[in-house]
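> Sequence plus predicted model, see below.
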Amino acid sequence: MQVDFRPRGIHLPQIDLWLDCTEDCWNAWISHAHSDHAQGLHGRVFGTPETLGIYRARVLEAAENGSDYVEMGFGEPVEYHGGRLTAFPASHILGAAQLLIEYRGERLVYTGDIKLREPLCGTPTTIVSCDRLIIESTFGLPIYRFLDRAEARARIVAFARECLDQGLTPVFIGYSLGRGQEIVHVLCEAGIQTAVHGSIARFLRWYEHAGYAFDGWEPYENKATDGKALVVVPDFCNYLEASGKNIRLAYISGWAALDNARTRVGAEVLIPYSDHADFEELLALVEGSGAREVDVVHGYTEPFARVLRARGLDARAPMPETARGSIETQEG
Ligand SMILES: [Zn+2]
């Protein structure tokens, strides 16, 4: 199957399908609703119901444009332009999916952003067998090793309780879609009163709709933070620190696996947990797929492709390296 790697996305010309195209196109698969993947206005859009719901609410807002939306449940194939498309869970954020494309006897899998460990909220990843795999490598270096779900959950709750017992306010730095809602879910489940920044709160309803409970959360209000845990986006921390409140910061991210994260984000406690796969998970995904041919996109592409070549695979980094120096500022 021919695969063209372009700056605006990945194109499969034989079936005219773009994968995570950042500009307007006719036919697009959207792997998940993060803004660097779900962009543009497209003629026909394929995605899971959750991804399409958030994309439409976030990108289109009031400007519905008459696009054709094809909702794809996990494991339910759709015939398309002589090929067959099937979505499988990627457990990166709510609704995130891999896409299996079967065409003339070949099986190609595009992972989008993916993790293998069980997520705090969401459907665990299925490893899909294929001939050729297009995989991300945000954390494609061996220095990245993350906690399992149970350990991450325990560390989040323990930090919150410890702070509250000392009369301090625990602040968790999350991202607006994905990690933020997961942290709120963990705190609410543990019975901890939690105030949530608006950028995170606006997506809670999608998680609630999918069956996750957030009992007792409330919108963040400047004057009413005593006795509560706060979940905020990174940009808000400077404001909180300047406000003179007695806060302690915890940073939950793949980047927290690096020692310099402490000074870079000013967090006292680092919890290395991500919605992306760590290095060992990436290797397990590649190995489990059985693919002999691997294209590595996003993040540490060339180093990870080199690791795969050393293991005898036909692996390469076909996308132009962009913004390499700022990898650590990306969501992770
Ligand atoms: Zn993402």
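Thanks, I have the structure now. Residues are numbered from 1 along each chain as shown.
> Burial check on residue 215, number of neighbours?
Neighbours of residue 215 under the rule other Cβ atoms under 10 Å: 9. All C-beta atoms are positioned from the backbone trio N, CA, C, and that covers glycine.
> Distance check, the spatially closest residue to it that is not a sequence neighbour against residue 214.
Leaving aside its chain neighbours, residue 215 sits nearest to residue 188 (5.2 Å; criterion: Cβ to Cβ, 6 or more residues apart in numbering). Distance, residue 188 to residue 214, by Cβ to Cβ, to the nearest Å: 5 Å.
> How is the residue nearest to residue 215 assigned, secondary-structure-wise?
Of the three states, residue 188 takes helix under DSSP: H, G, I helix; E, B strand; the rest coil.
> how much space between it and the ion?
As judged by Cβ to the ion, to the nearest Å, residue 188 and the ion stand 23 Å apart.
> same check, this time on residue 32
6 Å.
> Contact residues of the chain facing the ion?
Applying Cβ under 5 Å from the ion, we find that the chain lies next to the ion at 34, 113.
> top helix in the chain by residue count?
When the chain is parsed with DSSP state H, its longest helix is helix 149-165.
> So which bits of that one are buried?
Across helix 149-165, burial judged by 16 or more other Cβ atoms under 10 Å covers 149, 152, 153, 155, 156, 157, 159, 160, 163, 164.
> Also stretch 41-53?
Quick answer for stretch 41-53 (16+ other Cβ under 10 Å): 41, 42, 44, 45, 46, 47, 48, 50, 51, 52, 53.
> Kindly report the same for stretch 80-94.
In stretch 80-94, counting by 16+ other Cβ under 10 Å, buried: 80, 83, 85, 86, 87, 88, 89, 90, 91, 92, 93, 94.
> Residue 138 reaches residue 299, doesn't it?
Yes. The pair formed by residue 138 and residue 299 meets the contact definition of Cβ atoms under 8 Å, at 3.8 Å.
> more crowded one of the two?
Here residue 138 and residue 299 are compared on neighbour count by other Cβ under 10 Å; more neighbours surround residue 138, at 27 against 24.
> So what does the more buried one have for phi and psi?
When read as degrees, to the nearest 10, the backbone of residue 138 gives phi -50, psi -40.
> Run through the residues that contact it.
Residue 138 makes contact with 113, 254, 276, 277, 298, 299, 300, 327, 330, 332, according to Cβ atoms under 8 Å, 6 or more residues apart in numbering.
> same check, this time on residue 300
137, 138, 139, 140, 141, 327.
> on that earlier part again, check what contacts the longest helix of the chain and list those residues.
Under Cβ under 8 Å, 6+ apart, the answer for helix 149-165 is 117-120, 146-147, 169-170, 172, 183, 186-187, 190, 192, 227, 229, 248, 250, 252, 269, 271, 273.
> Filter those down to the ones in helices?
Judged by DSSP H, the subset of the contacts of helix 149-165 located in helices is 183, 186, 187.
> confidence score at the first one?
Among the per-residue scores, residue 183 holds a pLDDT of 97.
> Same question for the second one.
In the prediction, the pLDDT value recorded for residue 186 is 98.
> separation between it and the ion?
Separation of residue 186 from the ion (Cβ to the ion): 20 Å.
> hang on, that residue packs against residue 174?
No. Taking contacts as Cβ under 8 Å, residue 186 lies outside contact range of residue 174: 10.6 Å.
> Let's check: the centremost residue of the protein is which one?
Centroid-nearest residue in the chain, with Cα atoms, centre = their mean: residue 92, separated by 3.9 Å.
> can you confirm that one is in a strand?
No. Assessed with three-state DSSP, residue 92 is coil; it does not lie in a strand.
> tell me the contacts of it?
By Cβ under 8 Å, 6+ apart, the contact set of residue 92 is 32, 112, 113, 114, 115, 119, 178, 275, 276.
> leaving aside the residues next to it on the chain, what's closest to it?
The shortest distance from residue 92 to any residue other than its chain neighbours is 4.2 Å, reached at residue 113 (Cβ to Cβ, 6+ apart).
> do the same with residue 284
Closest to residue 284 by Cβ to Cβ, 6+ apart is residue 116, at 5.8 Å.
> Now for that neighbour, how many residues are close by?
Look at residue 116: counted by other Cβ under 10 Å, it has 20 neighbours.
> Surely it and residue 276 touch.
No. Counting by Cβ under 8 Å, residue 116 sits too far from residue 276 to count as a contact (10.0 Å).
> Sweet, I'm off.
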